[in-house]
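*Asks:* Next one to model:
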Amino acid sequence: MLWKILLAIVLIWIAIAVLGAVIKGLFWIVVLGAIGVGVYLLFKAMSDGEQSRT
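*Replies:* Coordinates of the predicted model:
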């Protein structure tokens, strides 16, 4: 019974470590994507204001 508990703790520990590494790696990709979307929306808003509307 003790070995099953230890195995469960080790598996949970490994899962949390892997999940933490994945989130840490994806964080900068999400930040860069948000910056890219912000720049795109800013450019789109600036260019729409310059067009003549008739």
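*Asks:* Only C-alpha atoms from now on, for both contacts and neighbour counts.
*Replies:* OK.
*Asks:* now stretch 31-47: mean pLDDT?
*Replies:* On average, the pLDDT along stretch 31-47 is 93.
*Asks:* can you check stretch 8-25 too?
*Replies:* So the average pLDDT for stretch 8-25 ends up being 94.
*Asks:* Identify each buried residue in it, please.
*Replies:* Of the residues in stretch 8-25, none count as buried by neighbour count, 16 or more other C-alpha atoms under 10 Å.
*Asks:* As a check, name the ranges of all strands in the protein.
*Replies:* Using DSSP state E, the chain contains no strands.
*Asks:* Run through the helices of it in chain order.
*Replies:* With DSSP state H, the ranges of helices along the chain come out as 2-50.
*Asks:* Now do residue 1 against residue 7, distance only.
*Replies:* Distance, residue 1 to residue 7, by C-alpha to C-alpha, to the nearest Å: 10 Å.
*Asks:* quick one, which of the two is more surrounded?
*Replies:* Neighbours were counted for residue 1 and for residue 7 using other C-alpha atoms under 10 Å; residue 7 has more, 12 against 6.
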